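*Asks:* below is the structure, and that's it, no one-letter string:
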């Protein structure tokens, strides 16, 4: 992908984000933060690439270990973020009629 | 798959699908009913993104069993830590947890950027001569800088929220000059990085960014923490987006943009709820641990004291009671017994509603979660704009653990530090019941509250939890 296509995706996504987030009910702003935390850990994709990349040059080995540590950190966030969001959302109940 | 080979369109489509799942995850949060499905979309999107990466990226390397073991191990260790923490954490500690999670996103971004810098070829960001592409250098520099700021800023926010560090603002002399200078140095070095990809440039940017994250958050006081947590949420998104640019990955770019806008909007909502400008929050210095700066002693004014029995009697007779909870309620762990009280009142035919100020908790929406945990149905809980007009037709306003958010000085007293902040018009209710530990302490902002001395106010001086327990007993 060239830079301009990537930039277009980014700008469009900012607009989508703006409208989607304003539609989130204020009562769910804490779960919103927890789930955005979990999904921003999609950065794990970069960490995975680094972890399994063919080792090239003198610093390749270091790069791999940095990647693995990042995989671990991102995993804490992914599992923790989705689990804590699910736990909170399970608490929101309607009035028993 | 060799670098330089055409990108498999199915892979790109899978990342796009993951991005769409993340949009749907946030979209689901527009109502509690659809929110759980939304969360499952989020998980699906993540599974898709991780699965596609594992499946396709460097296929050749997957024949090495060691890679599987290492990656699997890292995911398992991280996953268990995250999952167990998520199950055990108390809801009052949610702001700390979120701050800790933000710091991990920030650190992961730094590590990925560093890994890409040290071994760029597999990331496909090098030119024919093996140098890192210039545009990638800018993206990488920004990614590592935002990631590092997110990390060190979130660590400080965590320490302040968790009480390991005083909530008092720490004001260094010349801090604005130091901060702006550091920021300018970071941007300058990222610019220089385009012409010279020496390691020292990359690591200096990283180091300075860790420093500025730290410097930016230490002067911000406890009262502004909801803004800080939201702001760091935003940064963690921009960090992910910057790395998405480096890796040409649409899932990361879409997610980063979503999270970045989300945090920015939440910061804006929090600032508006406190009538503070974003700049003044960043500049810092507002709000210590517990409103230590109480104003000079005014003349003693008369006020009425009530008992639990009085409160129970008044509320039983009422048609409608609006409960205004503040963070003090959560500190006293009074939310469960409060819901019992509401249940008892409903048995007596009283209509009970809860009124939530946007800054009632310590992060956006925190009070709603605390009430939900105590089994308060969400359709009894209302936001400021939706319920404020109802106080005039309400018999009893029951204030528990809140103070600044019901202070009329925000509307009338131009010299007040909270002037302009939207507040509940509790004084319009027929009777105001105000639970407070003593007449001494005042809210975060350290201002006296005219509601205490109003004719229709009855002060219930006690620990919030004990007082509500006694009211529940008297309601039998």
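*Replies:* In hand now; what should we look at? Just so it is clear, the model here is predicted, and its values are computed rather than measured.
*Asks:* right, and chain A sits closest to which residue of the stretch 351-476 of chain B?
*Replies:* Closest residue of the stretch 351-476 of chain B to chain A, C-beta to the nearest C-beta: residue B:365 (3.0 Å). From N, CA and C alone the C-beta is placed, and that goes for glycine too.
*Asks:* what number of residues lie near the residue lying closest to residue B:167 once chain neighbours are set aside?
*Replies:* The shortest distance from residue B:167 to any non-neighbouring residue, by C-beta to C-beta, 6 or more residues apart in numbering or on different chains, is to residue B:222 (2.8 Å). By the criterion of other C-beta atoms under 10 Å in any protein chain shown, residue B:222 has 21 neighbours.
*Asks:* distance check, residue B:222 against residue B:366.
*Replies:* Shown here: residue B:222 relative to residue B:366, a distance of 14 Å by C-beta to C-beta, to the nearest Å.
*Asks:* repeat that for residue B:475.
*Replies:* Distance from residue B:475 to residue B:366, counting by C-beta to C-beta: 28 Å.
*Asks:* those two - which one has more neighbours?
*Replies:* Of the pair residue B:475 and residue B:366, residue B:366 is the one with more neighbours under other C-beta under 10 Å, namely 26 against 20.
*Asks:* thinking again about what came up before, just checking, the residue of the stretch 351-476 of chain B closest to chain A touches residue A:35?
*Replies:* No: if you go by C-beta atoms under 8 Å, residue B:365 and residue A:35 don't touch, sitting 11.9 Å apart.
*Asks:* now for the two: what residues contact both?
*Replies:* Overlap of the contact sets of residue B:365 and residue A:35 (by C-beta atoms under 8 Å, 6 or more residues apart in numbering or on different chains) is empty.
*Asks:* in chain A, which helix is the longest?
*Replies:* helix A:60-89 (DSSP state H).
*Asks:* just checking the distance from that one to the centre of its chain.
*Replies:* Centroid displacement of helix A:60-89 relative to its chain, using C-alpha atoms, centre = their mean, to the nearest Å, is 9 Å.
*Asks:* which other helices and strands contact that helix?
*Replies:* Here helix A:60-89 touches helix A:29-40, helix A:44-52, helix B:32-56, helix B:65-88, helix B:94-118, going by 3 or more C-beta pairs under 8 Å, 6 or more residues apart in numbering or on different chains; DSSP states H and E.
*Asks:* need the ones you listed in CSV (columns: mean pLDDT, distance to residue B:153 and mean neighbour count).
*Replies:* Putting the helices and strands packed on helix A:60-89 into CSV (pLDDT from 0 to 100; distance: least, C-beta to C-beta, whole Å; neighbours: other C-beta atoms under 10 Å in any protein chain shown) gives the following:
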stretch, mean pLDDT, distance to residue B:153, mean neighbour count
helix A:29-40, 95, 15, 31
helix A:44-52, 90, 21, 27
helix B:32-56, 92, 25, 20
helix B:65-88, 91, 21, 16
helix B:94-118, 95, 8, 28
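*Asks:* rebuild the ones you listed as CSV, extending it with distance to residue B:413.
*Replies:* Formatted as CSV, the helices and strands packed on helix A:60-89 follow (distance: least, C-beta to C-beta, whole Å):
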stretch, distance to residue B:413
helix A:29-40, 29
helix A:44-52, 51
helix B:32-56, 38
helix B:65-88, 44
helix B:94-118, 30
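*Asks:* in chain A, where is pLDDT below threshold?
*Replies:* Scanning chain A for pLDDT under 70 picks out A:96-97.
*Asks:* disregarding flanking residues, what is the spatial nearest neighbour of the residue of the stretch 351-476 of chain B closest to chain A?
*Replies:* Excluding the flanking residues, the one nearest residue B:365 by C-beta to C-beta, 6+ apart is residue A:29, at 3.0 Å.
*Asks:* residue B:364 is in contact with the one you found, correct?
*Replies:* Yes: between residue A:29 and residue B:364 there is a contact under C-beta under 8 Å: 3.6 Å.
*Asks:* between the two, which contacts overlap?
*Replies:* B:266, B:269.
*Asks:* what's near enough to touch the residue most central in space within chain A?
*Replies:* In chain A, the C-alpha nearest the mean C-alpha coordinate belongs to residue A:40, at 1.9 Å (C-alpha atoms, centre = their mean). Residue A:40 makes contacts with A:77, B:105, B:236, B:237, B:239, B:240, B:255, B:256, B:259, as judged by C-beta under 8 Å, 6+ apart.
*Asks:* most neighbours, which of those?
*Replies:* With neighbours taken as other C-beta under 10 Å, the top of those is residue B:240, carrying 38 neighbours.
*Asks:* do I have it right that that residue meets residue A:44?
*Replies:* No: using C-beta under 8 Å, residue B:240 is not in contact with residue A:44, being 10.0 Å away.
*Asks:* what bits of chain B have low per-residue confidence?
*Replies:* Scanning chain B for pLDDT under 70 picks out the ranges B:1-7, B:57-64, B:284-300, B:440-447.
*Asks:* mind redoing it with 80?
*Replies:* B:1-8, B:56-67, B:167, B:222-223, B:282-301, B:417, B:438-448, B:476 (pLDDT under 80).
*Asks:* all strands for it, in order.
*Replies:* For chain B, the strands defined by DSSP state E occupy B:320-325, B:351-356, B:381-383, B:396-400, B:431-436, B:457-461.
*Asks:* list the buried residues for the shortest one?
*Replies:* Going back to what we said before, that points to strand B:381-383. Within strand B:381-383, the residues that count as buried by 16 or more other C-beta atoms under 10 Å in any protein chain shown are B:381, B:382.
*Asks:* what's it in contact with?
*Replies:* Identification of contacts with strand B:381-383 by C-beta under 8 Å, 6+ apart yields A:26, A:27, B:353, B:354, B:355, B:356, B:358, B:368, B:371.
*Asks:* over to the first one?
*Replies:* With C-beta under 8 Å, 6+ apart as the contact definition, strand B:320-325 has outside contacts at B:315, B:335, B:338, B:342, B:345, B:350-357, B:360, B:367, B:370-371, B:387, B:390-391, B:393-402, B:405-406, B:424, B:426, B:429.
*Asks:* quick check on these: which are buried?
*Replies:* Neighbour counting by 16+ other C-beta under 10 Å classes B:315, B:335, B:338, B:342, B:345, B:350, B:352-357, B:360, B:367, B:370-371, B:387, B:390-391, B:394-402, B:405-406, B:424, B:426, B:429 among the contacts of strand B:320-325 as buried.
*Asks:* do you know how far the closest residue to residue B:197 other than its chain neighbours is from chain A?
*Replies:* Among residues not flanking residue B:197 along the chain, residue B:132 sits closest, at 5.5 Å (C-beta to C-beta, 6+ apart). Distance, residue B:132 to chain A, by C-beta to the nearest C-beta, to the nearest Å: 12 Å.
*Asks:* test my guess that residue B:132 contacts residue B:121.
*Replies:* No: with contact defined as C-beta under 8 Å, residue B:132 does not reach residue B:121; the gap is 9.6 Å.
*Asks:* compare these two (neighbour count), which wins?
*Replies:* Ranked by neighbour count (other C-beta under 10 Å), residue B:132 and residue B:121 place residue B:132 first, with 21 against 16.
*Asks:* alright, that wraps it up for me.
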